[in-house]
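Pasting a predicted model and its sequence here:
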Amino acid sequence: MLKILYISPENTVGTLSYWKKAHELNGNHCRFVTFYRTMSGYNEDILLNLPFIASRPWYIGFRRWMVRKTEGRESHANLEGFPPVWNPPQWQRYLWRLRERFWKPKISRAIREYDLEDFDVYHFEWGLDFFRNAEFAKKMKSKGKKIICHYHGQDLRNRGVIPEMDAISDLNLTNELDLTYMHPNLNYLFLPYDVLAFDVKQSIGDPLTICHATTNRIIKGSDLIIKTCRELEKSHGIKFVLVENQPHEKVIEIKRHSDIFIDHVGELTWGYGMNSLESLSMGIASATYLNDIYEKFIPDHPFINIRPDNIKDVLVRYIEDPELIMQKGKEGRKWVEKYHDYRNVVRKLYEYYREIGIDI
C-alpha cells in the first residue's frame, strides 16, 4: 500500500477529492492538505486556514494591481521562458517570507499532528511547497520520497516554475495541453471527474437554455459570450443563464436545467476544464474554443467548437436543430466517461508512477 499526500493552496474545482477516491479505490492511503477553504464549497481534508491568501475577489484584485504596478504587465499575460521561471523583485520575496513566518507555526503543527513526513509520494499542486524555498519538499526528497509537481494553468503561464521545486521534481504533470509546450519535461494527464455520479439529460427545455459559468471573465471571454447570448434571447427566444462566483452545489443545480453549456471562447486558454466535464457528464451539449493543436490531440472530441469570430453563427445552427443538441449531449457523455472518469484516469497516473520507480 502506498501512502500519497497532495499539498495544494486549495481544492481547486474539487479535483483533490477525486484523486483521493481513485487512490483509495486501488487500496492506497491518500490525504490532501489545503492552505485555505475553497470559495465554491468543495470538500476539505486537512485544512490549514492560513492567513493572507485566498481565492476571493479582493485578494485576486490586489494581486492583479500589484503585478500591474510593480512589474508593468497584466497578471494574466504569459511569461517567456522554457519553462517560465518565478523571479519576482526582492521586495516581493520579502513579503512572501514575512507571510510564511506567520504560517510556520500552523504548518509545523499540522506536520506533527498528521504525520505528514510519513508518506511515500508527494504531489505539490501548482508546483508549490508550503514555503517558496521548498524546504519541506527538499527534506522529503532527502529521505528518498518521490516529488511530483502538478501544474494547472496560470501557475505556469503567469507565475512560472519555482526553481527550487523544479530542480527536485521527479515527475511533472498537467491537465492543460498548452502547458506541455511551455516546459521541457511535462506529462499530460486527463483531468479526473466522477462522471458516473450523473444521469444523462433526456430532452430539450422550453425555452431552450444556454448557460455560462465563470470565475474569471477575462480568461473565459465572458463578456463576448454574454453579449452574444443576450442577442440570441431577442432573436431566437432562448433563455440565457449566467452563473458567476456561486457555490458549487448551486452551479450544478443550475447547469442541470441547461441545454447548451458554454465553457469559454478566446485564446487565453486553449481547451476545456471542470466546467465542461460537469456538463458533458450530464449529457449536455458543451461549447468551447479548441485550436488546431487541441483538435488534433483529441480528434474524437464531442465539443461544439466556437471562436470569437463565429460564436453566434455556430450557436444559431444548434438552436435551430434541437436533435443535433441531443446528439452532441449523448456523444459527450460517452467521451467524458472514457477519458475523464477518475477510475480510468488513475491508471495513467500509475503508469507515470512506474516510470519514476514507484512500485505500484
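Sure thing, it's come through.

what residues does stretch 269-279 touch?
Under the contact criterion Cβ atoms under 8 Å, 6 or more residues apart in numbering, stretch 269-279 has outside partners 13-15, 153, 175-178, 191, 193, 195, 198, 211, 213, 219-220, 251-252, 255, 258, 261, 263-264, 285-286, 288-291, 293-294, 303, 332, 336, 340. Glycine gets a C-beta too; all of them are placed from N, C-alpha and C.

Restricted to buried residues, select those residues in ChimeraX.
For selection in ChimeraX, the members of these meeting the burial criterion (16 or more other Cβ atoms under 10 Å) are listed in this command:
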select :13,14,15,153,175,176,177,178,191,193,195,198,211,213,220,251,252,255,258,261,263,264,285,286,288,289,290,294,303,332,336,340
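
I'd like the mean pLDDT over whichever helix in the chain runs longest, please.
The single longest helix within the chain, with elements called by DSSP state H, is helix 90-113. Model confidence over helix 90-113 averages 95 on the pLDDT scale.

With stretch 340-356 instead?
Stretch 340-356 shows a mean pLDDT of 98 in the predicted model.

Count the neighbours of T12 for me.
T12 has 19 neighbouring residues, counting by other Cβ atoms under 10 Å.

Tell me who's in contact with it.
Applying Cβ under 8 Å, 6+ apart, we find T12 in contact with 38, 125, 152.

State the number of residues packed around the first one.
This points to T38. For T38, the number of neighbouring residues by other Cβ under 10 Å comes to 22.

related to what we said a few turns ago, centre of the chain to the longest helix of the chain, how far?
Relative to the chain's own centre, helix 90-113 is displaced by 25 Å; criterion: Cα atoms, centre = their mean, to the nearest Å.

Quick check: next helix or strand after that helix?
On the C-terminal side of helix 90-113, the closest following helix or strand by DSSP states H and E is strand 121-125.

which neighbours does that next one have in its sheet, and in what orientation?
Using DSSP bridges, the strands paired with strand 121-125 are strand 3-8 (parallel), strand 146-151 (parallel).

In terms of secondary structure, what does the helix or strand where T15 lies contact?
Following DSSP H and E, the helix or strand that holds T15 is helix 15-25. On a contact count with 3 or more Cβ pairs under 8 Å, 6 or more residues apart in numbering; DSSP states H and E, helix 15-25 meets strand 3-8, strand 29-34, helix 342-355.

can you put these in CSV and add distance to H183 and mean neighbour count?
Putting the helices and strands packed on helix 15-25 into CSV (distance: least, Cβ to Cβ, whole Å; neighbours: other Cβ atoms under 10 Å) gives the following:
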stretch, distance to H183, mean neighbour count
strand 3-8, 19, 22
strand 29-34, 23, 20
helix 342-355, 15, 16
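
Cheers, nothing more for now.
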